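Chemist: Could you work out the structure for the sequence below:
(one chain, ligands or ions: 2)
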Amino acid sequence: MDEKMQDYLFDLQGYLVLESAISDEDLRLMNQWVDDHWEYVENPWIGEGENRQGRSRWIGNIQTHTYNIENGVNFQNIIEGGEIFEKLIDHSSWINLVRKYINSAVNGLSIHENFITVRGIGGYIHIHCGGHVPLSYLTFRQENTGEWMVGQINVLMALNDIGPGDGPPVLVPSSHQCTEIHPRLESNGKGLVYDGITGKPAGTAFATKEVYLKAGDVLMFTDAITHGSAERTNSGYRRTVVYRYSPRFVRERFNFQTSEKLLQRLTPERLRIIQPMAPQRPPETSAS
Ligand SMILES: O=C(O)CCC(=O)C(=O)O
Ligand SMILES: [Fe+2]
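Modeler: Numbering: from 1, shown residues only. Ligands and ions are numbered 1, 2, ... in the order given. So this is what the prediction gives:
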């Protein structure tokens, strides 16, 4: 698409769909990773019951996780999962758009969160975010100059086809610009970040639009947009990867410590995103 049109649409809607952003071979490698770790999809938690702190399992430096049990299983810190997940850090299909909209020349760039989600029948995400939320990383433009200053861009990658009944992501187009509170995010006249109250899938909420994706398509959206996902009613599992990009001042969400091995292996450009600033330590002194 023409760049001007793309910028206009992203500003207007708060999201873009990048079709066929990921090659078949890269999809195959990522799906292979999921297949190889299927045991963790079926048994994600240590012990009985739903996930609680300390009940996650680790696969090397990758951790099983969920925000709410109905969201399915996340494999957090997936950048540690091998070369294919390193490639996604600065993937040519989206990195220039991400850099432009975050305005990385001024703000630098970091990844706030990176994970695979595998979600089966009955799974969904509650509605969350919107222009009414006073979260620092839900900025979009610089008010005085109109320059891009997007505080967080989610790059959601479809590893398999996501159509009706597959639990597609949903969003309220343009809601990043809306200061009115979405009806389902209002509680006693106050705006919530997240609907922790109704327990309903975001797909049933007022004004939401389902976004259907083919395997390899990417949904790129400002985290400021009101969004979530519809309930999966089909059998089988939805597979997605999310990388959230932010200015370098926004840190890794769960403070995962990047392994030495990965730090050594990353290209300089990827390293600058994963570790925008090297740790500061006093010089080594000889033992005395
Ligand atoms: O899983 C989905 O469809 C939505 C994910 C989401 O809310 C997010 O990536 O911020
Ligand atoms: Fe979200």
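Chemist: contacts and neighbour counts: CA atoms only from here.
Modeler: Will do.
Chemist: Residue of this protein nearest ligand 1, please.
Modeler: residue 169 (3.4 Å; C-alpha to the nearest ligand atom).
Chemist: Tell me which stretches of the stretch 51-200 of the chain form helices.
Modeler: 83-87, 95-102, 104-107 (DSSP state H, counting those that start in this stretch).
Chemist: Comparing those, which comes out most buried?
Modeler: Highest mean neighbour count among those (mean count of other C-alpha atoms under 10 Å): helix 95-102, with a mean of 19.
Chemist: what's the model's confidence in that helix, averaged?
Modeler: Mean per-residue pLDDT for helix 95-102: 98.
Chemist: circling back: now the helices of the stretch 51-200 of the chain as CSV including distance to residue 189?
Modeler: Shown next, in CSV, are the helices of the stretch 51-200 of the chain (distance: least, C-alpha to C-alpha, whole Å):
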stretch, distance to residue 189
helix 83-87, 42
helix 95-102, 32
helix 104-107, 34
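Chemist: quick one on the thing from earlier: is the residue of the chain closest to ligand 1 in a bridge, and if so with what?
Modeler: With DSSP bridges applied, residue 169 shows beta-bridge pairing to residue 229.
Chemist: Can you give me every residue that contacts it?
Modeler: Going by C-alpha atoms under 8 Å, 6 or more residues apart in numbering, residue 169 touches 210, 211, 212, 227, 228, 229, 230.
Chemist: Look at the second one and say how many residues are nearby.
Modeler: For residue 211, the neighbour count with other C-alpha atoms under 10 Å is 17.
Chemist: what does the fifth one give?
Modeler: Residue crowding around residue 228 was assessed by other C-alpha under 10 Å; the count is 26.
Chemist: Let me know whether it touches residue 171 as I believe.
Modeler: Yes. Here residue 228 reaches residue 171: they are 6.5 Å apart, a contact under C-alpha atoms under 8 Å.
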